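Student: Predicted structure and sequence below. I'll ask about it afterward.
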Amino acid sequence: MRPTVLAIFASGMFAYVLPAGLQAADLEEAKRQLAAWQQSFQSIRIKARISSEAATNAMFEGSDATMAWTEYDWTWDASERFRYDSVGGINDGRRTRRLRVANLAYHYATTFNGDSEFAKAVTIQGPSPPGDIMRDTPLWILWVSDSNLWFSDRIARVTEAESTADGKLQIDGYPLRYADGLGAPRFVITLDPEHGYLPQSVRYAEQDYDYYRVDEFQEVQPNFWFPKWGRTAFVANYQGELHEHLQTWEVSQVELDPELPDSWFVPPMNDDTVVTNQFTGQTYRNGDPNTMITTEVPRRPPEPKPDPWPQRLLFVAGLCGVFVLLLRGVRSAKTRP
């Protein structure tokens, strides 16, 4: 039987009396355990599946408004490279694939045709991909792509916490707002000391549901916990109306310290893959990198130069006016007695 998650939120500070046998959770101990959790691996690979719940699928039936399911394969190593490969099904029956490979210096944005093994197009861009690609996944609060930081790095900004009635730890997520891509709204993160202080839920202060919730953890190896299954919820705007979009997710594989060759962090390409390097402005086919499709970085077209003739005519007219005034002055002087 899967455990029920109890997320207790309060807008103010309350003192809780813990039941007998429970010890108060401790913020410094949370930071210590989370740091040890992160330092226990040099690379990690995670596979999971996300599914929209039946109510959400019925609401969006016959549309392409949202994904019905997504399976993803995510990898990270200590040199701060990561690879995010996902295959998903849209509600109208189409399939889509998304692959993003990045490190601190660049990232590859990749486009595929259908179920093709090789990328149709690859763009080499700057270091930070737009937005957090792990949002609405089991990794959303644990790791963020914008900053390539783990939760143990970001929790160092938190200085206050409180224990809940069931022995968990709640922290104000506001200090993490820029790292987690959540913007200004305040939210509360509940940490579970029985599972290494990993985040168990995230709740917006002004909304009465958990945006992110872990319903079950798994012990991958002794004292190394990881989310097993849970759910996310967010509000989607469809046909001018706001609807709550519910998803469940389940982690099928957690592999610590897998061997990852450098080729794993390069998108799969064949000779026909079109590569665009935004650093150099070059675009070419992967099979013939010496033949450029275009070799210039797109620039804003120059602004048209103004027509000089109106200004010249005004200048000539001004000279004529001055000449007429001078001529009248001379004539007036000659006619004086």
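Tutor: The structure has been received and is ready for your questions. What you see is a predicted model, and the numbers here were worked out from it, not measured in a lab.
Student: bridging residues for W69?
Tutor: Listed by DSSP bridges, the beta-bridge partners for W69 are S51, G89.
Student: wait, it sits on V87?
Tutor: No - in this structure, W69 is not within contact of V87 by C-beta atoms under 8 Å, at 9.2 Å. Backbone N, C-alpha and C define where each C-beta goes, glycine included.
Student: With adjacent residues omitted, what lies nearest to D115?
Tutor: Of all residues beyond its chain neighbours, the one nearest D115 is R95 (6.6 Å), with distances taken as C-beta to C-beta, 6 or more residues apart in numbering.
Student: Just the pLDDT at that neighbour, thanks.
Tutor: On pLDDT, R95 comes in at 75.
Student: With R100 instead?
Tutor: 83.
Student: ok, it to S145 distance?
Tutor: 8 Å (C-beta to C-beta, to the nearest Å).
Student: Give me the more crowded residue out of the two.
Tutor: S145 (23 against 19; other C-beta atoms under 10 Å).
Student: wait, doesn't the more buried one sit right on R83?
Tutor: No - in this structure, S145 is not within contact of R83 by C-beta under 8 Å, at 11.1 Å.
Student: what residues do those two have in common as contacts?
Tutor: Applying C-beta atoms under 8 Å, 6 or more residues apart in numbering, one finds that S145 and R83 are jointly contacted by R100.
Student: if we can go back for a sec, shouldn't the residue nearest to D115 be in contact with S86?
Tutor: No - applying C-beta under 8 Å as the test, R95 and S86 come out as separate, 11.0 Å apart.
Student: can you map out the strands along the stretch 51-200 of the chain?
Tutor: 67-77, 82-90, 95-102, 107-111, 121-125, 143-144, 149-150, 161-163, 169-172, 187-192, 198-204 (DSSP state E, counting those that start in this stretch).
Student: just so I know, which of the ones you listed lies nearest P289?
Tutor: Closest to P289 of the strands of the stretch 51-200 of the chain is strand 121-125 (C-beta to C-beta; 12.1 Å).
Student: Show me what that closest one is packed against.
Tutor: Using 3 or more C-beta pairs under 8 Å, 6 or more residues apart in numbering; DSSP states H and E, the elements in contact with strand 121-125 are strand 107-111, strand 274-277.
Student: Kindly reformat these as CSV containing distance to Y212, mean neighbour count and mean pLDDT.
Tutor: Converted to CSV, the helices and strands packed on strand 121-125 look like this (distance: least, C-beta to C-beta, whole Å; neighbours: other C-beta atoms under 10 Å; pLDDT from 0 to 100):
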stretch, distance to Y212, mean neighbour count, mean pLDDT
strand 107-111, 24, 20, 88
strand 274-277, 35, 17, 93
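Student: Bridged to I44, which residues?
Tutor: W76, L256.
Student: Give me the number of neighbouring residues for it.
Tutor: So I44, with other C-beta under 10 Å, has 23 neighbours.
Student: Mean pLDDT per helix and strand in this structure: which one sits at the bottom?
Tutor: Lowest on mean pLDDT, DSSP states H and E among the helices and strands of the chain sits helix 54-59, with a mean of 54.
Student: which residues does the residue nearest to D115 bridge with?
Tutor: Here R95 sits in beta bridges with G89, going by DSSP bridges.
Student: Just list the residues touching the nearest residue to S43 once chain neighbours are set aside, thanks.
Tutor: Spatial nearest neighbour of S43, chain neighbours left out: D77 (3.9 Å); criterion: C-beta to C-beta, 6+ apart. When contacts are counted by C-beta under 8 Å, 6+ apart, D77 touches 42-44, 260.
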